[in-house]
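Participant: Sequence and computational prediction follow.
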Amino acid sequence: MIYIKADNIKKSYGKRKVVNGITLEIEKNEILAVIGPNGAGKSTTIEMIVGLRKADQGNVRYWDEKYKTQIGVQFQSVPFFPGLTALENLQLFAAFYKKQLSKEETMELLTQCGLADCSHTDASRLSGGQQKRLAIAAALVHDPTIVFLDEPSASLDPRSRLEIHQIIRSLHKKGKTVVFSSHDMDEVVKLATRIIMIDQGQIIAEGDALYLCEKYKVTNLDQLYLKLTSKEEVAW
Ligand SMILES: Nc1ncnc2c1ncn2[C@@H]1O[C@H](COP(=O)(O)OP(=O)(O)OP(=O)(O)O)[C@@H](O)[C@H]1O
């Protein structure tokens, strides 16, 4: 089953074409990794797909007219409410979806995201890694069908990174669809059931890791990345 279909979407900021005709589908119960260089247009593409940014051209179609309540999104920076604890922040995020999370339900979500010990800590005092996990928890408060995670494990220590992988795997096991962006090719190989590589606002490769490595005659995704993505000339 196809949940979301983006057809030839484009976005420019001023004269700069950031997304230049992306067509993709997001299927039920896949873990889709979106990879590509800094500034390639990954976040902008995700923002258009989740309906937070309007495409200049092209369109995005959804499987359900109430899709907004069934999508959870974690962005790279999260505006938590200072003065509120981690637990209170999650309850507030749930209220945005008109959902009342009991203390027990909130604790369960915090535990799932490795934050049980921080439930009563002011969100603004959490470490970077803890804030990232709280951001993921915030994306899950309404038990969404599809979860978009924008670089969920970036700048995390190895243990926290593994915890994020566990969260992604358990969401997948529950039948959810997960779309995540990442610069960590090992993580992508471990988790993704399908990969989309974006460069300069266009999809330049698509498929699972094995297929892509065979197709482009490389032994791993790092090599594939270096082979396919453009490189800026370095001026010394
Ligand atoms: N609101 C905005 N206004 C102007 N330019 C923007 C805006 N948002 C993004 N850009 C520019 O668009 C380009 C693509 O940004 P985007 O965040 O989509 O890339 P990305 O592939 O997610 O990069 P990264 O891997 O570094 O997160 C970048 O050059 C960025 O500076």
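Facilitator: Alright, I've got the coordinates.

Participant: Which helix or strand contains the residue nearest the centre of the chain?
Facilitator: Compute the mean C-alpha point of the chain, and by Cα atoms, centre = their mean the closest residue is residue 149, 1.9 Å away. Assessed by DSSP states H and E, residue 149 sits inside strand 146-150.

Participant: What residues does this protein have near the ligand?
Facilitator: Residues of the chain lying near the ligand by Cβ under 6 Å from any ligand atom: 13, 18, 36, 38-44. No exception for glycine: its C-beta is placed from N, CA and C like everyone else's.

Participant: Just the buried residues of these.
Facilitator: 18, 36, 40-44 (16 or more other Cβ atoms under 10 Å).

Participant: Could you measure from the closest residue to residue 222 other than its chain neighbours over to the ligand?
Facilitator: Setting aside the residues directly before and after it, residue 222 is nearest to residue 185 in space (Cβ to Cβ, 6 or more residues apart in numbering), at 4.8 Å. Computed with Cβ to the nearest ligand atom, to the nearest Å, the distance linking residue 185 and the ligand is 13 Å.

Participant: residues contacting residue 185?
Facilitator: Contact analysis of residue 185 by Cβ atoms under 8 Å, 6 or more residues apart in numbering lists 35, 220-222, 225.

Participant: Quick check: which ranges of this protein have low pLDDT?
Facilitator: The model of the chain has pLDDT under 70 over residues 230-236.

Participant: Please, where are all the helices along it?
Facilitator: Ranges of helices in the chain, per DSSP state H, are 42-49, 86-96, 103-112, 128-140, 158-173, 185-191, 209-215, 221-228.

Participant: Touching the fourth one from outside, list them.
Facilitator: Pointing back at helix 128-140 there. Counting by Cβ under 8 Å, 6+ apart, 72-75, 78, 80, 86, 89-90, 93, 109-110, 112-115, 118, 121, 123, 126, 147-149, 152-157, 160, 163-164, 167, 171 sit against helix 128-140.

Participant: ok so, going back, kindly present the helices of the chain as a markdown table, with separate columns for distance to residue 22.
Facilitator: A markdown table is the format used below for those (distance: least, Cβ to Cβ, whole Å):
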| stretch | distance to residue 22 |
| --- | --- |
| helix 42-49 | 6 |
| helix 86-96 | 28 |
| helix 103-112 | 32 |
| helix 128-140 | 22 |
| helix 158-173 | 23 |
| helix 185-191 | 18 |
| helix 209-215 | 18 |
| helix 221-228 | 16 |
